[in-house]
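>>> sequence plus predicted model, see below.
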Amino acid sequence: MANITAKDVADLRAKTGIGMMECKKALVEAEGDVEKAIKILREKGELKAESKMATRIAADGIVDVLKDGDKTAIIEVNTETDFVAKNEIFKTFVKNLLKCIIDTNPASVEALLASEYEGSTVDAKLKELIFQIGEKITVRRFELVCGVTSTYIHGAGSIGVIVNFETDCADKDGFDEFAKNIALQVGAYPTPYLDRTCVPADVLNNEKDIIKAQLANDPKMAGKPEKVLEGIINGKIGKFYDNNCLVDMEYVKSDDHEKVAKYVENTAKALGGSISIKGFVRFEKGEGIQKREENFADEIAKLVNN
């Protein structure tokens with residue numbers, strides 16, 4: 001009979017998220033073979049994505065982009081640590097997911113997970129990867145864009161961008177550099193809207209209400225004519241557009257405060273054709289995910305007390 005140590009049990013628990021007793025029983029049955037123990041746990045239904053590992057927070061990971069012909073896919077896959085995000089097996093898995101998205105155009109994350117992957121499914125491969133690596137891994141979101149695009153990945157995958165263009169200049173010298181500059185602009189500044197027509201009415205009305213409240217609470221504005229106040233409101237709304245609409249923003253490489261819309265117009269004129277930005281996708285790794293604050297000393301104390 002194999003000598004099963006406390007460390008063996010703890011290591012298996014860290015890998016699987018399963019309770020200590022279940023891990024010990026599986027190791028005993030597997031005579032100390034960790035991979036066989038994992039297989040036993042899986043066969044018994046102990047090892048599930050709904051295990052304690054599922055309660056962990058995966059806020060790290062990677063954003064990646066893949067372009068194939070006129071199709072471009074972007075995906076965010078989250079992990080618990082950046083260490084796993086740098087793992088070559090994990091990165092290959094993400095690249096394969098992008099290929100799957102381009103080939104099958106799944107309607108949702110659930111559809112992607114149900115897609116075929118190396119004779120099985122993406123979901124099965126994902127669970128296998130979780131068991132192998134020992135961290136929670138989640139496919140959070142993806143998008144597939146068709147047509148003329150430019151892409152940008154910041155760093156090791158902290159930010160990913162796709163910009164979609166309507167143009168007859170894609171094959172002309174200078175277009176690729178222009179398109180890359182627009183993608184860099186989107187990557188550098190998180191902009192929620194393409195242009196003013198994309199701003200929802202309730203968002204705009206809420207902004208106006210805030211501005212009106214600010215003016216009402218400003219003693220310097222007391223007694224100002226309605227026409228003057230209206231002009232101030234319109235001016236501030238203009239600033240809102242400048243900060244929240246891509247085409248209204250100042251082009252980052254401009255020396256004379258040129259707007260992105262003007263840069264697009266000037267480039268189209270120089271190339272002798274037409275260019276417009278149809279839309280863009282910007283994923284930032286872990287955005288909106290609340291990271292849990294861990295206290296290692298407290299965790300150890302809990303284990304000792306239990």
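Good, I have the coordinates.

>>> what ranges does the protein have for its strands?
62-68, 71-79, 116-117, 120-121, 137-146, 148-154, 159-167, 275-284 (DSSP state E).

>>> what does the second one contact?
Under the criterion Cβ atoms under 8 Å, 6 or more residues apart in numbering, residues 58-67, 85, 90, 93-94, 97-98, 101-102, 135-146, 149, 151, 160-162, 281, 283, 285-286, 289 lie in contact with strand 71-79. C-beta: built from backbone N, CA, C; applies to glycine.

>>> and those residues, which are buried?
Burial by neighbour count, 16 or more other Cβ atoms under 10 Å: within these this picks out 58-67, 85, 90, 93-94, 97-98, 101-102, 135-140, 142, 144-145, 149, 151, 160-162, 281, 283, 285-286.

>>> helices of this structure, start to end?
Taking DSSP state H as the test, the helices found in the chain are 6-16, 20-29, 34-43, 82-85, 88-104, 109-113, 122-133, 175-188, 201-216, 226-244, 260-271, 296-305.

>>> could I get those as TSV with distance to residue 169?
Formatted as TSV, the helices of the chain follow (distance: least, Cβ to Cβ, whole Å):
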stretch	distance to residue 169
helix 6-16	53
helix 20-29	61
helix 34-43	54
helix 82-85	37
helix 88-104	25
helix 109-113	34
helix 122-133	38
helix 175-188	5
helix 201-216	33
helix 226-244	26
helix 260-271	4
helix 296-305	56
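
>>> can those helices go into a markdown table with extra columns for mean pLDDT?
Listed next are the helices of the chain as a markdown table, based on pLDDT from 0 to 100:
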| stretch | mean pLDDT |
| --- | --- |
| helix 6-16 | 80 |
| helix 20-29 | 87 |
| helix 34-43 | 82 |
| helix 82-85 | 86 |
| helix 88-104 | 96 |
| helix 109-113 | 96 |
| helix 122-133 | 86 |
| helix 175-188 | 97 |
| helix 201-216 | 94 |
| helix 226-244 | 94 |
| helix 260-271 | 97 |
| helix 296-305 | 51 |
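
>>> for this protein, identify the residue most remote from the centre.
Farthest-out residue of the chain from its mean C-alpha position, per Cα atoms, centre = their mean: residue 223, at 48.5 Å.

>>> let me see the confidence value for that one.
Note on residue 223: pLDDT of 85.

>>> ramachandran coordinates for it?
Torsion angles at residue 223 (phi, psi; degrees, to the nearest 10) stand at phi 80, psi 0.

>>> now do residue 72 against residue 147, distance only.
Look at residue 72 and residue 147: by Cβ to Cβ, to the nearest Å, they are 9 Å apart.

>>> out of those two, which sits in the more crowded spot?
The neighbour count for residue 72 versus residue 147, taken as other Cβ atoms under 10 Å, is higher for residue 72 (25 against 14).

>>> what's the nearest residue to that one if we skip its chain neighbours?
Nearest residue to residue 72 in three dimensions, chain neighbours excluded: residue 149, at 4.5 Å (Cβ to Cβ, 6 or more residues apart in numbering).

>>> okay, now the domains of the protein?
6-55, 62-190, 196-272 (automatic domain parsing).

>>> nearest spatial neighbour of residue 195, chain-adjacent residues omitted?
Nearest non-adjacent residue to residue 195, counting by Cβ to Cβ, 6+ apart: residue 247, 4.8 Å away.

>>> likewise for residue 286?
Closest residue in space to residue 286, ignoring its immediate chain neighbours: residue 59 at 4.2 Å, by Cβ to Cβ, 6+ apart.

>>> for residue 284, same thing?
Nearest one to residue 284, counting by Cβ to Cβ, 6+ apart, is residue 159 at 5.0 Å.

>>> quick one, what contacts that neighbour?
Shown in contact with residue 159 (Cβ under 8 Å, 6+ apart): 63, 152-153, 187, 282-285.

>>> and residue 133, by the same measure?
Residue 133 touches 84, 87, 89-90, counting by Cβ under 8 Å, 6+ apart.
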